[in-house]
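Visitor: whatever this is, show me its structure:
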Amino acid sequence: MIDWIADYYEQVENYPVLSQVEPGDIRKGLPNAAPAQGESFDAMMQDVEQLIMPGITHWQSPNFFAYFPANASGPSILGELLSAGLGVQGMLWATSPACTELESQVMDWLVDMMDLPQHFKTTRNGGGVIQDTASNALLTAMLCAREMKTNFETNRIGGCPKIVAYISSQTHSSAEKDIKVIGVGTQNLRTIEVDENFAMIPEKLEAQIRKDLEEGYIPFFVCATIGTTSSNAVDPIREIGEICRRYDIWMHVDAAMAGSAAICQEQRAAFDGLELAKSYAFNPHKWMFTNFDCDCFFVSDKSVLIKTLSVLPEYLKNEATENGAVIDYRDWHLQLGRRFRALKLWFVIRHYGVEGLQYHIREHIRLAAEFSKWVKESADFELLSEPPFNLVCFRHKNDNAFNKKLIQSLNKSGKIYLTHTVLNGQFWLRMSIGQTQTELKHVQDAWRLIGEKSRSIS
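Guide: Residues are numbered from 1 along each chain as shown. Next up, the predicted model:
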């Protein structure tokens, strides 16, 4: 299997990046019932080659420029393999001490590597935990904010119908889902306007908070973003944080993709004000070469997190827990069971080192800047804005229908894969440069293909 994966990585850019199958094609090739007798591994891998591979969109292709990256790497894959082989269930310190203590140490490493607020360290009042995704990190933050604002009475009294949360029009869609899950409801989710750079306007936020207070509502949560999904916009974290501090509101900062940029000193201006956040999350599985899933979630006060989520039945009690001498990460997120995710992140950091990680992040940012320059120099295309990190939003100067045809033609070619967004009524192509193996030649080939396809449509 390791040989097969190694061969796959050597030839991955030869596959169509976007799967070319039609809906239902994969199921048509699969038997209607499970086999009565066990089958050989060779037979399984033959079906992988013939049935599964045609239905794979190759996220690890250097020509994958869609969404945000989910970039894996050799050390990460091996760390995941080791985790699977050990089969650890790390719900408590006692169920595998190394699972907990390695995770705590790696999370503290990240605080220093990225110059995050020191109170996010597990050795301080706060701490970090590996979640599965930024969506669940946001959900956990919302729960903590709700309980803190209602003095941990929300569940006992059956909800609090007058509490309200705030996001911008560019905040990730998970916020809307999470507000439903925690029982507050979308009717109590306020959407704040953004400026010309698609960043939240602090003055509009404060005006809405004051309006809600006057009408008897209780503001409890604000989500600010470093690197929004559509355009990579950066909200003014310090200004939003100061507002949240004035009105005693929990500020969560979502830096799902862009958070990895903080490892580079020259990118840290975008993170100014992070010390005002009650919680913060970013995904190494997007831009730090650690395969999915791996979200790093930090809180400034772990006691709030534990008080919000801790339930201790008799069958989980043990001496180390009862003495309060250890961290039990089951109290730090929704699920009880947890995999040994820290292994793959540990392997990645140790393999690349801080300087190696900085090199690759900087190279992706450089390639995005280079692509932006080509767009600006073109007579046929236009740029949305200067990319703050590694996402370039651009469009042909023709109309929306033309740009839709263009992206469809590009993706059907199988040579590259792009996705789009709509901002101010205009259809924009998103060029997300962050796959582990992407080099200048891949970006150059993509730009050449974009030009060819646009001329053929014209």
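
Visitor: assign the residue nearest to the spatial centre of the chain to helix, strand or coil.
Guide: When C-alpha atoms, centre = their mean is applied to the chain, the residue found nearest the centroid is residue 256 (3.4 Å). Three-state assignment for residue 256 (DSSP: H, G, I helix; E, B strand; the rest coil): coil.

Visitor: wait, what's in contact with it?
Guide: For residue 256, the contact set (C-beta atoms under 8 Å, 6 or more residues apart in numbering) comprises 68, 134, 172, 227, 281, 282, 283, 286, 295. Every C-beta, even on glycine, is put in place using the N, C-alpha and C of the backbone.

Visitor: what does residue 228 give?
Guide: 168, 170, 171, 172, 198, 234, 235.

Visitor: most surrounded residue in those?
Guide: residue 235 (32 neighbours; other C-beta atoms under 10 Å).

Visitor: in this protein, what secondary structure element scores lowest on mean pLDDT?
Guide: Using mean pLDDT, DSSP states H and E, the weakest-scoring helix or strand in the chain turns out to be helix 319-322, at a mean of 61.

Visitor: starting at the chain centroid, how far to the next helix or strand after that one?
Guide: Counting by DSSP states H and E, the element after helix 319-322 in chain order, helix or strand, is helix 342-377. In this view, helix 342-377 has its centroid 16 Å away from the chain centroid, taken as C-alpha atoms, centre = their mean, to the nearest Å.

Visitor: so which bits of the helix or strand that helix 342-377 is followed by are buried?
Guide: Per DSSP H and E, the first helix or strand lying C-terminal to helix 342-377 is strand 381-383. Using 16 or more other C-beta atoms under 10 Å as the test for burial, strand 381-383 gives 381, 383.

Visitor: just the mean pLDDT for strand 381-383, thanks.
Guide: Regarding strand 381-383, the rounded mean pLDDT is 96.

Visitor: look up how far residue 223 lies from residue 191.
Guide: Residue 191 sits 11 Å away from residue 223, taking C-beta to C-beta, to the nearest Å as the criterion.

Visitor: now do the shared contacts for these two.
Guide: Counting by C-beta under 8 Å, 6+ apart, the residues touching both residue 191 and residue 223 are 167, 171.

Visitor: these two: which is more packed in?
Guide: residue 223 (28 against 17).

Visitor: show me what residue 417 is bridged to.
Guide: Under the criterion DSSP bridges, residue 417 forms beta bridges with residue 64.

Visitor: what sits against the closest residue to residue 440 other than its chain neighbours?
Guide: Using C-beta to C-beta, 6 or more residues apart in numbering and skipping the chain neighbours, the partner closest in space to residue 440 is residue 367 (6.3 Å). By C-beta under 8 Å, 6+ apart, the contact list for residue 367 reads 390, 433, 438, 440, 443.

Visitor: what's the helix or strand encompassing residue 140 packed up against?
Guide: Here residue 140 sits within helix 134-149, counting by DSSP H and E. Helices and strands touching helix 134-149, by 3 or more C-beta pairs under 8 Å, 6 or more residues apart in numbering; DSSP states H and E, are helix 154-157, strand 163-168, helix 174-181, strand 218-225, strand 250-254, strand 279-282, strand 295-299, helix 302-309.

Visitor: if we go to 7 Å?
Guide: With contacts taken as 3 or more C-beta pairs under 7 Å, 6 or more residues apart in numbering; DSSP states H and E, helix 134-149 sits against strand 163-168, helix 174-181, strand 218-225, strand 250-254, strand 279-282, strand 295-299, helix 302-309.

Visitor: so can I have JSON lines of the ones you listed showing distance to residue 330?
Guide: Shown next, in JSON lines, are the helices and strands packed on helix 134-149 (distance: least, C-beta to C-beta, whole Å):
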{"stretch": "strand 163-168", "distance to residue 330": "26"}
{"stretch": "helix 174-181", "distance to residue 330": "19"}
{"stretch": "strand 218-225", "distance to residue 330": "24"}
{"stretch": "strand 250-254", "distance to residue 330": "21"}
{"stretch": "strand 279-282", "distance to residue 330": "18"}
{"stretch": "strand 295-299", "distance to residue 330": "14"}
{"stretch": "helix 302-309", "distance to residue 330": "8"}
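
Visitor: identify the bridge partners of residue 251.
Guide: Beta-bridge partners, per DSSP bridges, of residue 251: residue 222.

Visitor: next, the residue nearest to residue 118 when sequence neighbours are not counted: secondary structure please.
Guide: Nearest non-adjacent residue to residue 118, counting by C-beta to C-beta, 6+ apart: residue 124, 6.1 Å away. Assigned by three-state DSSP, the conformation of residue 124 is coil.
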